[in-house]
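A.B. asks: I would like to see how this sequence folds:
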Amino acid sequence: MTASNTPPVFTLHRGNLPMLISIPHLGTQIPADIAATMTPTALRTDDCDWHLDRLYAFAKRMGASIIAPTYARYVIDLNRPPDGANLYPGQDTTGLLPVDTFDKEPLYREGHLPDDTEVARRRDAYWMPYHSALAGELAALKAQHGKVLLWEAHSIRSRVPRFFEGRLPDFNFGTSNGASAMAGLAEELAAIVERHGVYSAVANGRFKGGYITREYGQPSQGVHAVQLELSQITYMQEQLPYAYDETLAAKIEPLLEQLVATALERVKTA
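C.D. replies: Alright, predicted model coming up:
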């Protein structure tokens, strides 16, 4: 339980379809005690997956369950393993408790880096409740429907030299190289985007799926997980104030809805 003046760790909207949309990097809040140790840069929460609740509003209308955190990924990254292991060995990435931004700007004031005790505290306070709820909702949906689609909704700036060269494709589908969902699903979704003729797409490229996709996607058990890392240039302003672009979003939303509906239909008929 949380105190009455403390925001919930996450929100969970329950729908009536065999589909859960997880948006683990949507949160923007930072608790005051943590914020006091951080740099002014950190408090801008630059690396948030901005506005995805708005972009995916159609999913709620469809009947999807939707789970999203209140707190920023700078507090703790819900899409990292609890032990902080690097999901992309040999490649640069941010950790369970990030210490710098995507542009390598420090998140903490000198002498205030989180120690192991603080890591464990945040894991218990923020990471565990989200994952407990996510796992519980997947189990409930599977019990009700027999199969379930877990759609991991993410977005990122189109250019982040730290992680990839040049401009990122617009749609980046990840199924852990086919291990987290039925064979060929990521490739089918990428092909739909390419046929649309406006946006670029790739399947299991630089972003193959984070911890949530890899951990919960078990197609042999009826749980199919797909991660979409969407380039932010397709629907918003990529620099401050990170404004939602209604004109751009209106163009991409029907395609996004088609992709989600296609993935759901494939799962239901698998």
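
A.B. asks: Check which residues of stretch 39-50 are buried.
C.D. replies: With burial defined by 16 or more other C-beta atoms under 10 Å, the residues of stretch 39-50 counted as buried are 39, 42, 44-50. Any C-beta I mention is one placed from the backbone N, CA and C, and that applies to glycine too.

A.B. asks: Which elements pack onto whichever strand or helix holds L134?
C.D. replies: Under the criterion of DSSP states H and E, L134 resides in helix 128-145. Counting by 3 or more C-beta pairs under 8 Å, 6 or more residues apart in numbering; DSSP states H and E, the packing neighbours recorded for helix 128-145 are strand 10-13, strand 19-22, strand 65-69, strand 148-156, helix 211-216.

A.B. asks: Return that helix as PDB; C-alpha atoms alone will do.
C.D. replies: The C-alpha trace of helix 128-145 is given here as PDB (Å, rounded to 0.1, in the frame of the first residue of the first chain):
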ATOM      1  CA  MET A 128       9.100  -5.700  -8.200                       C
ATOM      2  CA  PRO A 129       5.600  -4.200  -8.000                       C
ATOM      3  CA  TYR A 130       5.500  -3.500 -11.800                       C
ATOM      4  CA  HIS A 131       6.700  -7.000 -12.700                       C
ATOM      5  CA  SER A 132       4.400  -8.600 -10.200                       C
ATOM      6  CA  ALA A 133       1.400  -6.900 -11.700                       C
ATOM      7  CA  LEU A 134       2.600  -7.500 -15.300                       C
ATOM      8  CA  ALA A 135       3.100 -11.200 -14.600                       C
ATOM      9  CA  GLY A 136      -0.200 -11.400 -12.800                       C
ATOM     10  CA  GLU A 137      -2.200  -9.800 -15.600                       C
ATOM     11  CA  LEU A 138      -0.500 -12.100 -18.200                       C
ATOM     12  CA  ALA A 139      -1.500 -15.100 -16.100                       C
ATOM     13  CA  ALA A 140      -5.100 -13.900 -15.800                       C
ATOM     14  CA  LEU A 141      -5.400 -13.200 -19.500                       C
ATOM     15  CA  LYS A 142      -3.900 -16.500 -20.400                       C
ATOM     16  CA  ALA A 143      -6.300 -18.300 -18.000                       C
ATOM     17  CA  GLN A 144      -9.200 -16.500 -19.500                       C
ATOM     18  CA  HIS A 145      -8.300 -16.800 -23.200                       C
END
